[in-house]
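# Quick one, what's the 3D model for this:
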Amino acid sequence: MDRNTGSGLSFAKRIYLPRSIGLGIGFFCVAAALWPQRPDTWVWALLVFNGFLWPHLAFQLARLSATPFKAERRNLLVDSVFGGFWAAAMQFNVLPTVTILAMMAMNNIAAGGARFFAKGCLAMLAGMALAAAVFGPGFAPETNMLQLYACLPMLILYPLALGWVSYRLSIQLAEHKQALRAASRTDSLTRLFNHGYWKDLLQLEFTKCRGGQQRGTVALIDLDHFKDINDRHGHLVGDSVLRLLSERLVLSLRQEDMAGRYGGDEFCVILPNTPPVLAGEVMERLRRELGEVRSPLAPELRVTLSIGMAGYSPFHLDATQWLQAADQALYQAKQRGRDQVVTACDTPPGNGEAANA
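The predicted model follows:
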């Protein structure tokens, strides 16, 4: 994913909620530790800005940036500088300091792993040095009950917000993974299974038939004279015909049937628990229906199909021989004049191979 555009903005959006919650409730955590020191008005103004205005400003800076991902990483480093600054300003009051710095570290690790965590630590040290230069060095680690209670919302609500964001991200990643898996097994033009995945399914079906669990039929479908269609009408028309065939194919098949694009103008179908006689009726209906379909890009074009089928036979030693039987039947359909359905039982033994139209 492109870190400079869409995904970078998504990154900023994911951080916006936990930053708003964390800095908002962190205000009370820091304020409780600063109160006994009676700091100047500008310190309170800076704390208000950091707690309630900076989250929104940071998001806008990332949103309007040409590189949102890099802008948001800079924002996280600014968060770390603020965190280190408040830790030193509180004179390292133990519980508020540990709470603030731990949350900053959690952000940095989640955003960039160990390397970005190291950068965040350096930013925190820079913030501590800045506070020491402004207020002078100080160390008052004691935490009273008021400060403890002020830290509880931070300890409870911020991890919940970060956990929710992480959960949503995991859901999105799972959806992206599923989409990529589907893309890896799907033909981009027809949206049917691609050649490799369909052959894997054929092997599984062969294994089931071999084990006596079921019987099945394989069909190979070829668009007659497809090269002439491309030459006479152009590849856009050819592609539209392939899409029309795939759509009709899906509508004609049952949910359990498996259709794929075998290559070029050839399609392939596995029909589980279907003897060749019934499969032949399905293929014959498909052949007739597609003959009535017209491409909007070439209304005068009539499409015909040659179809070869083979039922599973125990004489098939492997899935390749089963497919070869269907290929022989397809070869015979072409030899007999095309635009017809032929089953392997109608063909004499041989090593026929489907011709490329």
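
# who's in contact with Leu278?
Listed by C-beta atoms under 8 Å, 6 or more residues apart in numbering, the contact set of Leu278 reads Thr217, Leu271. Where C-beta positions appear, they are placed from N, C-alpha and C, glycine not excepted.

# That one: helix or strand, and which one exactly?
helix 276-291 (DSSP states H and E).

# Tell me which residues of that helix come out buried.
Buried residues in helix 276-291, counted by 16 or more other C-beta atoms under 10 Å: Pro276, Ala279, Gly280, Val282, Met283, Leu286, Arg287, Leu290.

# Now that helix - C-alpha only, PDB.
Extracted C-alpha coordinates of helix 276-291, given in PDB (Å, rounded to 0.1, in the frame of the first residue of the first chain):
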ATOM      1  CA  PRO A 276     -22.600 -37.300 -18.400                       C
ATOM      2  CA  VAL A 277     -26.200 -37.700 -19.500                       C
ATOM      3  CA  LEU A 278     -27.400 -35.000 -17.100                       C
ATOM      4  CA  ALA A 279     -24.300 -32.900 -17.600                       C
ATOM      5  CA  GLY A 280     -25.000 -33.100 -21.400                       C
ATOM      6  CA  GLU A 281     -28.400 -31.600 -20.900                       C
ATOM      7  CA  VAL A 282     -26.900 -28.700 -18.900                       C
ATOM      8  CA  MET A 283     -24.300 -28.100 -21.600                       C
ATOM      9  CA  GLU A 284     -26.800 -28.400 -24.400                       C
ATOM     10  CA  ARG A 285     -29.000 -25.800 -22.800                       C
ATOM     11  CA  LEU A 286     -26.000 -23.500 -22.400                       C
ATOM     12  CA  ARG A 287     -25.000 -23.900 -26.000                       C
ATOM     13  CA  ARG A 288     -28.500 -23.000 -27.200                       C
ATOM     14  CA  GLU A 289     -28.900 -20.000 -24.800                       C
ATOM     15  CA  LEU A 290     -25.600 -18.500 -25.700                       C
ATOM     16  CA  GLY A 291     -26.500 -18.800 -29.400                       C
END
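
# In JSON lines, list the buried residues of helix 276-291 along with distance to Tyr158 and pLDDT.
Formatted as JSON lines, these follow (distance: C-beta to C-beta, whole Å; pLDDT from 0 to 100):
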{"residue": "Pro276", "distance to Tyr158": "66", "pLDDT": "91"}
{"residue": "Ala279", "distance to Tyr158": "61", "pLDDT": "92"}
{"residue": "Gly280", "distance to Tyr158": "66", "pLDDT": "91"}
{"residue": "Val282", "distance to Tyr158": "60", "pLDDT": "90"}
{"residue": "Met283", "distance to Tyr158": "62", "pLDDT": "91"}
{"residue": "Leu286", "distance to Tyr158": "60", "pLDDT": "88"}
{"residue": "Arg287", "distance to Tyr158": "65", "pLDDT": "89"}
{"residue": "Leu290", "distance to Tyr158": "61", "pLDDT": "82"}
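
# Go through those residues and say which is closest to Ser188.
For those, the residue nearest Ser188 by C-beta to C-beta is Leu290; the value is 21.4 Å.

# Surely that closest one touches Arg248?
Yes. Taking C-beta atoms under 8 Å as the definition, Leu290 is a contact partner of Arg248 at 5.5 Å.

# quick one, strands of the stretch 51-200 of the chain?
Counting by DSSP state E, counting those that start in this stretch, no segments of the stretch 51-200 of the chain form strands.

# Determine how far the helix holding Leu278 lies from the middle of the whole chain.
Put simply, helix 276-291 sits 37 Å off its chain's centre (C-alpha atoms, centre = their mean, to the nearest Å).

# And stretch 73-86, by the same measure?
32 Å.

# for that stretch, which positions count as buried?
Within stretch 73-86, judged by 16+ other C-beta under 10 Å, the buried ones are 73, 75-86.

# What about the residues you listed, which are in helices?
The helices, defined by DSSP state H, take in 73, 75-86 from the buried residues of stretch 73-86.

# for the protein, what are the low-confidence residue spans?
Low-confidence segments of the chain (pLDDT under 70): 1-7, 213, 345-357.

# The same query, at a cut-off of 50, please.
Applying pLDDT under 50 to the chain flags residues 1-5, 346-357.

# Distance of the residue in it sticking out farthest from the centre relative to Trp44?
No residue in the chain sits farther from the centre than Arg38, which is 52.8 Å out by C-alpha atoms, centre = their mean. Remark: distance between Arg38 and Trp44 (C-beta to C-beta, to the nearest Å) = 10 Å.

# what do these two both touch?
Counting by C-beta under 8 Å, 6+ apart, no residue touches both Arg38 and Trp44.
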